[in-house]
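A.B. asks: Fold the stuff below for me.
(one chain, ligands or ions: 1)
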Amino acid sequence: MRTPIMLASGTVGYGGELSGLCDFSSVGAIVTKTVTEAPRDGNRPPRLAETPGGLLNAIGLENVGIERFLDEKLPAAAALGAPVVVSVAGDSPAAFARLARRVGERPETAAVEINISCPNVERARRPVWDDPDATAAVVAAARAATGKPLLVKLSPNTADALSVAEAAQRAGADALVVANTLPGMRIDIETGRPALGNATGGLSGRALMPVNLALVWRIAAGVSIPLAGSGGVATAEDALEYLMAGASAVQVGTALFLDPDAATTIAEGLRRRMAHDGVRSVAEYKGMAGRMST
Ligand SMILES: Cc1cc2nc3c(=O)[nH]c(=O)nc-3n(C[C@H](O)[C@H](O)[C@H](O)COP(=O)(O)O)c2cc1C
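C.D. replies: This is a model prediction of the structure:
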């Protein structure tokens, strides 16, 4: 990647939405909105609610479905000039495999991101993201279906994220995204009703960062594949924290709502910092926190 800054799934639509608002030469990769086999309308509005230091979203995987995605959205995303990572989600390992195969066959797809952190997948009692065996089944199925690099996006909403991460690595993941949103809620005290149409949603933004940073730090010590930190990155300093915790890249999401060109701001900040530190490659920062504490 030309910079370690990726644009996180769901926060840039299919990519084209940022056309003219973002200098894509600062972007290491665009991750598309998660695509499912059938089109989805998503959850009842309102779907966004602000919280102190964060954002709640309950979009509910609204997307145009794989056919329209491949026909219209993927070529448009690829035309922006940054590598395109396609995020997919299915309701069974076989569905993940079909999606990975379809998107992986396309030359515009640089990599496939498996979103196991969405709540509507098989195994009603114990969600896939909380279950190493179910995670391994999904990742192995997708692995067998495509030769493209495979990223697996974990959830912070799990008791043992390291076991899930290790299972994803064993099943053939090339990299892990750490991590998605945490469940959260707001209530409108005038009406007494939940602020979101779906009642609860996923918490993103600055409030999420310490949680996902700790996960990166923990998981980096237990797996050998690269990690992309996700959660609350808005500045070069935030990105540095993730690199020092053991990530090789970061994904920026909620910050794009305030600054659609945040990748440029962060990339320039990182360059300044590297010059100041006499560092030639961001890889030199990688895992510094782990090394110092051992
Ligand atoms: C409005 C919105 C929609 C999102 N949609 C998706 C999605 O479709 N698939 C996915 O894997 N993550 C989705 N996410 C999660 C982000 O990709 C990211 O992992 C998370 O927001 C944490 O990063 P941030 O604090 O930088 O936003 C969404 C987040 C937001 C705010």
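A.B. asks: For the residue in the stretch 151-294 of the chain that the ligand sits nearest to, report the pLDDT, please.
C.D. replies: Proximity of the stretch 151-294 of the chain to the ligand (CB to the nearest ligand atom) peaks at G253, 2.6 Å away. (Each C-beta comes from the backbone N, C-alpha and C, glycine too.) As predicted, G253 sits at a pLDDT of 98.
A.B. asks: Repeat that for N43.
C.D. replies: The predicted local confidence for N43 is 92.
A.B. asks: my read: it touches T200, true?
C.D. replies: No - taking CB atoms under 8 Å as the definition, N43 is not a contact partner of T200, at 10.1 Å.
A.B. asks: Between these two, which contacts overlap?
C.D. replies: A58 (CB atoms under 8 Å, 6 or more residues apart in numbering).
A.B. asks: okay, those two: which has more neighbours?
C.D. replies: A direct count of neighbours by other CB atoms under 10 Å for N43 and T200 places N43 higher, at 18 against 14.
A.B. asks: Let's test this: mean pLDDT of the helix or strand hosting A136, rounded?
C.D. replies: In the assignment (DSSP states H and E), A136 maps to helix 132-145. Averaged over helix 132-145, pLDDT sits at 96.
A.B. asks: buried stuff in it?
C.D. replies: Neighbour-count burial for helix 132-145, counted by 16 or more other CB atoms under 10 Å, picks out P132, A134, T135, A136, A137, V138, V139, A140, A141, A142, R143, A145.
A.B. asks: got it, and stretch 51-61?
C.D. replies: Buried residues in stretch 51-61, defined by neighbour count with 16+ other CB under 10 Å: T51, G54, L55, L56, N57, A58, I59, G60, L61.
A.B. asks: what two of those residues are the furthest from one another?
C.D. replies: Largest separation among the buried residues of stretch 51-61 by CB to CB: T51 and L61, giving 21.2 Å.
A.B. asks: want to throw the buried residues of helix 132-145 into CSV with distance to the ligand?
C.D. replies: Output for those, formatted as CSV (distance: CB to the nearest ligand atom, whole Å):
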residue, distance to the ligand
P132, 19
A134, 17
T135, 15
A136, 19
A137, 19
V138, 14
V139, 15
A140, 20
A141, 18
A142, 14
R143, 18
A145, 19
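A.B. asks: Now the residue in the stretch 1-150 of the chain positioned nearest to the ligand. Nearest residue, chain neighbours left out?
C.D. replies: When scored by CB to the nearest ligand atom, the stretch 1-150 of the chain has G10 as its residue closest to the ligand, at 1.8 Å. Leaving aside its sequence neighbours, G10 sits nearest to K33 (CB to CB, 6 or more residues apart in numbering; 5.1 Å).
A.B. asks: Would you agree G53 is in contact with M209?
C.D. replies: No - the pair G53 / M209 is not scored as a contact, 9.0 Å apart, by CB under 8 Å.
A.B. asks: check contacts around S163.
C.D. replies: Per CB under 8 Å, 6+ apart, neighbours of S163: P132.
A.B. asks: hang on, it in a helix?
C.D. replies: Yes - assessed with DSSP: H, G, I helix; E, B strand; the rest coil, S163 lies in a helix.
A.B. asks: Please tell me how far it sits from D130.
C.D. replies: From S163 across to D130, the span is 10 Å (CB to CB, to the nearest Å).
A.B. asks: buried ones in the helix or strand bottoming out on mean pLDDT in the chain?
C.D. replies: Across the helices and strands of the chain, mean pLDDT, DSSP states H and E gives its lowest value to helix 288-293, namely a mean of 80. In terms of neighbour count (16+ other CB under 10 Å), helix 288-293 has its buried residues at A289, G290.
A.B. asks: re the thing from before, the buried residues of stretch 51-61: which ones sit near the ligand?
C.D. replies: L55, N57, I59, L61 (CB under 6 Å from any ligand atom).
A.B. asks: Tell me the secondary structure of the first one, please.
C.D. replies: Classification of L55 by three-state DSSP places it in strand.
A.B. asks: Report pLDDT for it.
C.D. replies: Note for L55: predicted pLDDT of 97.
A.B. asks: So it sits against T11, correct?
C.D. replies: No - judged on CB under 8 Å, L55 makes no contact with T11 at a distance of 9.7 Å.
A.B. asks: shared neighbours, those two?
C.D. replies: T254, F257.
A.B. asks: what are the phi and psi angles of I5?
C.D. replies: Main-chain torsions, I5, degrees, to the nearest 10: phi -110, psi 120.
A.B. asks: My read is that it contacts A247, right?
C.D. replies: No - with contact defined as CB under 8 Å, I5 does not count as touching A247 (11.3 Å).
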